[in-house]
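I'd like to go over a predicted model; first the sequence, then the structure.
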Number of protein chains: 2
Amino acid sequence: MSSVLFDRLTEQLQRLPGIGRKTAMRLAFNIVDSRELARDLSEALQQVWQNVGECSICRNITEKDVCDICSNSSRLDSICIVHNPADMRAIEDAGLYRGKYFVLHGFLAPLDGIGPDELGIDKLRKMIDRFEVDEIILALDSTADGEATSSYIARILEKSRVSVTRLARGLPPGASIEFADSLTLSQAFQGRQKV
Amino acid sequence: MSSVLFDRLTEQLQRLPGIGRKTAMRLAFNIVDSRELARDLSEALQQVWQNVGECSICRNITEKDVCDICSNSSRLDSICIVHNPADMRAIEDAGLYRGKYFVLHGFLAPLDGIGPDELGIDKLRKMIDRFEVDEIILALDSTADGEATSSYIARILEKSRVSVTRLARGLPPGASIEFADSLTLSQAFQGRQKV
């Protein structure tokens, strides 16, 4: 088995997250064995590459200029700030939030050249004005990068009239105190609520 | 997040082996976030779909009419029969076999409509004549389907002048007797060799 095109496909598949050399080869062998799958997948990718872009308002991924959520007037005028479209999908699937979103497509990382421009902070300001938003919800990972980005956005919106909140931190449902790490416990204590 | 093209890509990715809905979505989000990856992968797939076919002699996958192994005159005139190109690659990578191959692209499964025609038995006969082969090595999985296919091929070649062998069965290297199943032990006993 020696085919330049096969090897090239394997290389490209390895660029996908969580796909190593062995898995890429297994996928490639399957694709090569079914030319119909190769064609369909190639076409689906081409469609995405040529037509899917960012919503001009909220940076959500969409085929349109303005995404369905931004153009849905029944959505509340709050903005939930998320890291990427996958996080947005998780929140949408939970079905608990009925406002709008803003997608950062990254976390602040000045050393890697990811600053306010890359996160679209200007677009965020424009969106706040456009929809006369009254609440910004920071729904970013509770990791170091996520926290730093949350703090940064909270600081730059400090002087605006919008109220900025972030998701609660504490014990996840089903967690046992015995096995919770000290940071989780510390946040759960700090955020304790009246019963 | 609602994009028809995104959903279509997710569906296509789910056709790959071992890729469920969650993984397909994770891959699709990554692809959508990097248009360059979508383009490169689409092109690699298109190249495979349009150019990669089967070797006209041995049914190995190749961009040419006759694959590199069939056209390599230093290869010995024996034929190792394999299930698919992945198995062939595994044997090639082991570097122990210097003959030619024949790829079945399946196991015999009359109920699923996979008979001698689908396995290319006619091509196999032609290949045996063409190269004046003296040995056929059956290197198929030691599963029920693999064994049935091995037996079938052995039977139809019974009357030809080629000698038909199959890979040894027994304990794999590193196996402990204590944990070997009874079928493995039975095959290891049957195939015992003088030391």
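Alright, I've got the coordinates. Residues are numbered from 1 along each chain as shown, chains lettered A, B, ... in the order given.

for residue A:188, what is the enclosing helix or strand?
If you go by DSSP states H and E, residue A:188 is part of helix A:182-190.

got the CA positions of that helix in PDB?
Output of helix A:182-190 as PDB, limited to C-alpha atoms (Å, rounded to 0.1, in the frame of the first residue of the first chain):
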ATOM      1  CA  SER A 182      -9.900  22.600  47.800                       C
ATOM      2  CA  LEU A 183     -10.400  25.300  45.000                       C
ATOM      3  CA  THR A 184     -13.900  24.000  44.400                       C
ATOM      4  CA  LEU A 185     -14.700  23.900  48.100                       C
ATOM      5  CA  SER A 186     -13.300  27.400  48.500                       C
ATOM      6  CA  GLN A 187     -15.500  28.700  45.700                       C
ATOM      7  CA  ALA A 188     -18.500  26.800  47.100                       C
ATOM      8  CA  PHE A 189     -18.000  28.500  50.500                       C
ATOM      9  CA  GLN A 190     -17.500  31.900  49.100                       C
END
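
any buried residues in that helix, and which?
A:184, A:187, A:188 (16 or more other C-beta atoms under 10 Å in any protein chain shown). To be clear about C-beta, it is placed using only N, CA and C from the backbone, and glycine gets the same treatment.

near chain B, list only the ones from those.
For chain B, no contacts are drawn from the buried residues of helix A:182-190 by C-beta under 8 Å from any C-beta of the partner chain.

and the helices in chain A?
Along chain A, the segments classed as helices by DSSP state H run A:4-13, A:21-33, A:35-51, A:85-94, A:116-119, A:121-131, A:144-156, A:182-190.

got a markdown table for the ones you listed, with distance to residue A:71 and mean pLDDT too?
Listed next are those as a markdown table, based on distance: least, C-beta to C-beta, whole Å; pLDDT from 0 to 100:
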| stretch | distance to residue A:71 | mean pLDDT |
| --- | --- | --- |
| helix A:4-13 | 35 | 91 |
| helix A:21-33 | 37 | 89 |
| helix A:35-51 | 17 | 91 |
| helix A:85-94 | 15 | 88 |
| helix A:116-119 | 23 | 93 |
| helix A:121-131 | 11 | 94 |
| helix A:144-156 | 24 | 93 |
| helix A:182-190 | 37 | 85 |
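
can those go into TSV with extra columns for distance to residue B:171?
Formatted as TSV, the helices of chain A follow (distance: least, C-beta to C-beta, whole Å):
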stretch	distance to residue B:171
helix A:4-13	33
helix A:21-33	25
helix A:35-51	38
helix A:85-94	46
helix A:116-119	58
helix A:121-131	64
helix A:144-156	50
helix A:182-190	49
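
what's the closest of those to residue B:97?
Nearest to residue B:97 among the helices of chain A is helix A:21-33; the distance by C-beta to C-beta comes to 18.8 Å.

is that closest one in proximity to chain B?
Yes - using C-beta under 8 Å from any C-beta, helix A:21-33 comes into contact with chain B via A:23, A:25, A:26, A:27, A:28, A:29, A:30, A:31, A:32, A:33.

same deal with stretch A:110-117?
No - counting by C-beta under 8 Å from any C-beta, chain B has no neighbours in stretch A:110-117; the shortest distance is 13.4 Å.

buried residues in that stretch?
Quick answer for stretch A:110-117 (16+ other C-beta under 10 Å): residue A:114.

what comes into contact with it?
When contacts are defined by C-beta atoms under 8 Å, 6 or more residues apart in numbering or on different chains, stretch A:110-117 is touched by residues A:106, A:107, A:108, A:122, A:156.

next one: stretch A:79-94
Counting by C-beta under 8 Å, 6+ apart, residues outside stretch A:79-94 touching it are A:58, A:60-61, A:97, A:99-107, A:124, A:127-128, A:131, A:133, A:135-141, A:146, A:149, A:153, B:1, B:25-26, B:29, B:32-33.

so what's residue A:123 up against?
With C-beta under 8 Å, 6+ apart, residue A:123 has these contacts: A:57, A:58, A:59, A:102.

if we can go back for a sec, among the contacts of stretch A:110-117, who's most crowded?
residue A:107 (22 neighbours; other C-beta atoms under 10 Å in any protein chain shown).

I'd say it and residue A:147 touch.
No - Residue A:107 lies out of contact with residue A:147 (C-beta atoms under 8 Å); the separation is 9.4 Å.

quick one: common contacting residues for the two?
residue A:140.

name all residues that make contact with residue A:69.
Each residue near residue A:69 by C-beta under 8 Å, 6+ apart is listed here: A:55, A:58, A:60, A:75, A:100, A:101, B:2.

just the ones in strands from the residues you listed, please.
Among the contacts of residue A:69, the members falling in strands (DSSP state E) are A:100, A:101.

among the contacts of residue A:69, who's most crowded?
Highest neighbour count within these, by other C-beta under 10 Å: residue A:101, with 28 neighbours.

my read is that it contacts residue A:55, right?
No - applying C-beta under 8 Å, one finds residue A:101 not in contact with residue A:55, separated by 9.2 Å.
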